[in-house]
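*Asks:* The sequence isn't on hand, but the structure is:
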Ligand code: UDP
């Protein structure tokens, strides 16, 4: 019987899709007896992390979560780090001795057939390869983003200026161009995390394969460019396996605490009372936050639009740098929203604090549009439910995803912003109206419904993602 080990990076968005991969592998491969998921000890976890892990452990006994011991941080306090990504890379690199020990002890009774890691864990490749364990990356964004990431070392040689103010575009061969200021948020200033991303991108091709959470009909061109090596002519790209869409089952990410789980979330009860496809949902992932000024602008835009809405609001970011990674304070609507706003929108709007069960929300009959930060999981969840998007990127690779969703796949309307990335109330008003009630919105909805159907079939016997999964499992048996 086979066993494999998965190594996700911290962050609920990365963990959930890795767990879905584990579930899929278990149902697909009868020779697979157990999956161990290494959980790094990371101080700044967002979302309902530990309750999610315990709910999966009890429902899937073949999946074991192995919590790794905490590791010291080189720069001490989190406020000494430029961003969350630098902290993540460093924590995971310092975890290498724990990874080595775990892989060695798991290999005692029988060999580990495969080690599957998140891209943030790229430093662990040297460990697993020194133990001769086949090592695969699990890329939690799409195929187009992978083609983009693979080119970071190429872009790095084009200019040594920080990307933030650079007026050039970088071309991904065979795909499209990306303006320098649309590069990953943590790469814009060419700090420590910039170089981590470049090194990570150099490591991707050294693996035995790259598993991508996407499906072929969603990203036709990118999948072809990866498979034919067009997008990175100078380097051999290992086999890619598009085995998505991997999406949590309804309810899996709604486990903040046991009691809450027994009751239907308030926002779902409210959605029950709204007309079909009338509500615009505004949700910005596990880390999306806005300044108080931007929150007011959103509130005014929603109010003027007259559109029904469900809006998830978090407390504005803390001014202190270290706190900004971990600020999970409950928002106080009395101090962060315009005076009287909640009363004035009472009949047609619902404002939720910090977190909603998004998959259930998107699957609700009343939801007709989604203003999203363009996180990849959120994108796949919107595709899976056929809900058209308005793209409002905030962090990570989301500015890249906006180009992909608006211009290439054409399943989103853009939320246009000013140079300093502020979005006006009139833009918000215009886009929320458009997405539920306009010809442009309707075109996007039709395209979404077509992709929804394709996405639902792709993991069925004989579908492209199912075939890729079979090929993947065969690859580590060789
Ligand atoms: N999510 C949720 N409720 C929220 C916010 C997020 O259930 O209020 C889930 C969402 O369904 C998705 C994940 O958290 O599965 C966020 O992943 P994504 O890749 O979209 O964004 P990230 O948080 O990684 O930036």
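*Replies:* Received it, and whenever you're ready, just let me know what you need. Please read all numbers here as calculations on a predicted model, not as lab measurements.
*Asks:* and residue 415, how far is that from residue 289?
*Replies:* Per CB to CB, to the nearest Å, residue 415 is found 16 Å from residue 289. (Each C-beta comes from the backbone N, C-alpha and C, glycine too.)
*Asks:* Burial check on the residue in the stretch 101-250 of the chain that the ligand sits nearest to, number of neighbours?
*Replies:* Nearest residue of the stretch 101-250 of the chain to the ligand (CB to the nearest ligand atom) works out as residue 248 at 6.1 Å. By other CB atoms under 10 Å, the residues close to residue 248 number 22.
*Asks:* near the ligand, which residues of this structure?
*Replies:* Within the chain, the positions near the ligand by CB under 6 Å from any ligand atom are 11-13, 16, 47, 253, 283, 285-287, 312, 355-359, 375-378, 381, 396.
*Asks:* now, which of those residues lie within helices?
*Replies:* Among those, DSSP state H puts 12, 13, 16, 358, 359, 376, 377, 378, 381 in helices.
*Asks:* What count of nearby residues applies to the last one?
*Replies:* This points to residue 381. 23.
*Asks:* Hmm, it is touching residue 359, no?
*Replies:* Yes - using CB atoms under 8 Å, residue 381 makes contact with residue 359 at a distance of 5.7 Å.
*Asks:* what do those two both touch?
*Replies:* Taking CB atoms under 8 Å, 6 or more residues apart in numbering as the criterion, residue 381 and residue 359 both touch residue 247.
*Asks:* who does the lengthiest strand in the chain touch, helix- and strand-wise?
*Replies:* In the chain, taking DSSP state E as the definition, the longest strand is strand 32-39. Counting contacts by 3 or more CB pairs under 8 Å, 6 or more residues apart in numbering; DSSP states H and E, strand 32-39 is packed against strand 2-7, helix 12-28, strand 63-67, helix 96-106.
*Asks:* Poorly predicted segments of the stretch 51-200 of the chain, please.
*Replies:* Of all residues in the stretch 51-200 of the chain, none has pLDDT under 70.
*Asks:* quick one on the thing from earlier: now, among the ones in helices among the residues of the chain next to the ligand, which is nearest to the ligand?
*Replies:* Lowest distance from the ligand to those (CB to the nearest ligand atom) belongs to residue 13, with 2.4 Å.
*Asks:* do you know how far that closest one is from residue 377?
*Replies:* Counting by CB to CB - residue 13 and residue 377 are separated by 5 Å.
*Asks:* more crowded one of these two?
*Replies:* Just comparing residue 13 and residue 377: by other CB under 10 Å the higher neighbour count belongs to residue 377, 25 against 22.
*Asks:* what's the overlap in contacts for residue 13 and residue 377?
*Replies:* Counting by CB under 8 Å, 6+ apart, the shared contacts of residue 13 and residue 377 are 140, 285.
*Asks:* can you count the residues close to the residue nearest to residue 395 when sequence neighbours are not counted?
*Replies:* Spatially, and ignoring its direct neighbours in sequence, residue 395 is nearest to residue 185 (4.8 Å; CB to CB, 6 or more residues apart in numbering). A count of nearby residues for residue 185, using other CB under 10 Å, gives 19.
*Asks:* Might you report the residue contacts of the closest residue to the ligand within the stretch 351-478 of the chain?
*Replies:* Going by CB to the nearest ligand atom, the ligand is nearest to residue 375 of the stretch 351-478 of the chain, at 2.4 Å. Residue 375 sits next to 13, 285, 286, 396, 398, 401 when contact means CB under 8 Å, 6+ apart.
*Asks:* Now the two most distant members of those.
*Replies:* Within the contacts of residue 375, 286 and 401 form the most distant pair, 15.4 Å apart (CB to CB).
*Asks:* low pLDDT regions in the stretch 301-450 of the chain?
*Replies:* 320-328.
*Asks:* related to what we said a few turns ago, and the residue of the stretch 351-478 of the chain closest to the ligand, backbone torsions?
*Replies:* phi -60, psi 150 (degrees, to the nearest 10).
*Asks:* Return the distance of stretch 151-162 from the chain's centre.
*Replies:* Remark: stretch 151-162 is offset 24 Å from the chain centroid, using CA atoms, centre = their mean, to the nearest Å.
*Asks:* start to end distance for that stretch?
*Replies:* The first and final residues of stretch 151-162 sit 17 Å from each other (CA to CA, to the nearest Å).
*Asks:* Name the residues of it that are buried.
*Replies:* The neighbour-count check on stretch 151-162 (16 or more other CB atoms under 10 Å) flags 151, 152, 153, 154, 155, 156, 162 as buried.
*Asks:* so of these, which ones are in helices?
*Replies:* Under the assignment DSSP H, the buried residues of stretch 151-162 contribute 152, 153, 154, 155, 156 to helices.
*Asks:* hang on, isn't the second one packed against residue 204?
*Replies:* No - applying CB under 8 Å, one finds residue 153 not in contact with residue 204, separated by 9.9 Å.
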